[in-house]
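J.: Quick one, what's the 3D model for this:
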Amino acid sequence: MTDKRRNRLLIILTVAAIGLIAFYMLYQLNPDILFYQLPSRTKRVVAIVIVAVAIAVSTVIFQTIVNNRILTPSIMGLDSVYMFIQTSIIFFAGATSTLLLDNRINYFVSVILLVIFTVLVFKYLFKFTGNNVFLLLLIGIILGTFFGNLASFMQLLIDPQDFMVLQSRMFGSFSSVNEQLLLFTSIIIIILLIIVFKDFGSLDVLALGREHAVNLGVNYDRKVSQLLIIIAILVSISTALVGPIMFLGLLVVNIAHEIFETFRHRYMIIGTMLFSTIALLLGQMVVQFVFNNNIELSIIINLVGGLYFIYLVLKRSQK
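T.: Numbering: from 1, shown residues only. Below is the predicted model:
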């Protein structure tokens, strides 16, 4: 595929995403409650775009570093750590704690703890393991399993009514996003996007592998450490904002690879952002207009993404 066709495809995807946003905003509007519906839908659309961008960018960069299209940042156990944080709050402070009920406080506490965890795992363990990415992944999987099991153990001990409160945090949802958090999160996303967009060339070189990147003049260790911190922040803020959505990154990045047929990050990152936005918008419309909000969006995304993951594993095993 030529660059001209890729640019045309990006334009088509942009128009499709804008069209879906307009359709979602206008579908089944009730004039009697218009002043409630429009702000509510606007808030969800902004949250969807934020999460779509964060997951798409973090997954593309992570797969570039590890040179594997099946792995995503969630393999490092961030979802398990997030659930451990929420479970710990209820276990030690109760379901009526301000740490849980105040979305702003819960968001900042979750983000800070998630970033600390990921920076420790990604950056310092990266140096400790002698810059061995796969050993880093193994340690991340072990830590994720540990925190997941610890959270499950505490969930067995808490009061059933408290567990019902916790259950709402187990699945990604755009229904109860705090408006004040959207502005703060958007500013962080924009700053990180500017940093990433200025570094497309280095990302393309990193995709060639460590030896080639070093030979071409890239400070591999320093660059990977910087990118891992960016991944940590992106994954942390999206998870703290709406909850865990495990398989979205895997799904949209691999679709972008298949369609754009390139490893150039200019197309991969922008294309994946658009695919991610479209996927979340379609999923939200199914949840809201078909199932009447009786199911969480993350369940649909994880079902489709899980099936696609199995397909990728089987496809690779046949090669």
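J.: For the rest of this, base every contact and every neighbour count on C-alpha atoms.
T.: Will do.
J.: Name the nearest residue to the residue nearest the centre of the chain, sequence neighbours excluded.
T.: In the chain, the residue lying closest to the centroid (C-alpha atoms, centre = their mean) is residue 55, at 2.9 Å. When the adjacent residues along the chain are set aside, residue 55 lies closest to residue 249, with 5.7 Å between them (C-alpha to C-alpha, 6 or more residues apart in numbering).
J.: In terms of helices and strands, where is that neighbour?
T.: Assigned by DSSP states H and E, residue 249 falls within helix 248-260.
J.: Buried residues of that helix, list them for me.
T.: Using 16 or more other C-alpha atoms under 10 Å as the test for burial, helix 248-260 gives 248-257, 260.
J.: repeat for stretch 264-279
T.: Going by neighbour count (16+ other C-alpha under 10 Å), the buried part of stretch 264-279 is 264-279.
J.: And for stretch 285-296?
T.: Under 16+ other C-alpha under 10 Å, the buried positions of stretch 285-296 are 285-288, 296.
J.: same deal with stretch 50-66?
T.: 50-66.
J.: so how far is that stretch off the chain centroid?
T.: Its chain's C-alpha centre and that of stretch 50-66 lie 7 Å apart, by C-alpha atoms, centre = their mean, to the nearest Å.
J.: cool, and stretch 213-228?
T.: Averaged C-alpha coordinates place stretch 213-228 at 23 Å from its chain's average position (C-alpha atoms, centre = their mean).
J.: now swap in stretch 270-285 and tell me
T.: Put simply, stretch 270-285 sits 12 Å off its chain's centre (C-alpha atoms, centre = their mean).
J.: cool, stretch 143-157 as well?
T.: Taking mean C-alpha positions (C-alpha atoms, centre = their mean), stretch 143-157 and its chain are 22 Å apart.
J.: Stretch 252-262 too?
T.: Stretch 252-262 has its C-alpha centroid displaced from the chain centroid by 17 Å (C-alpha atoms, centre = their mean).
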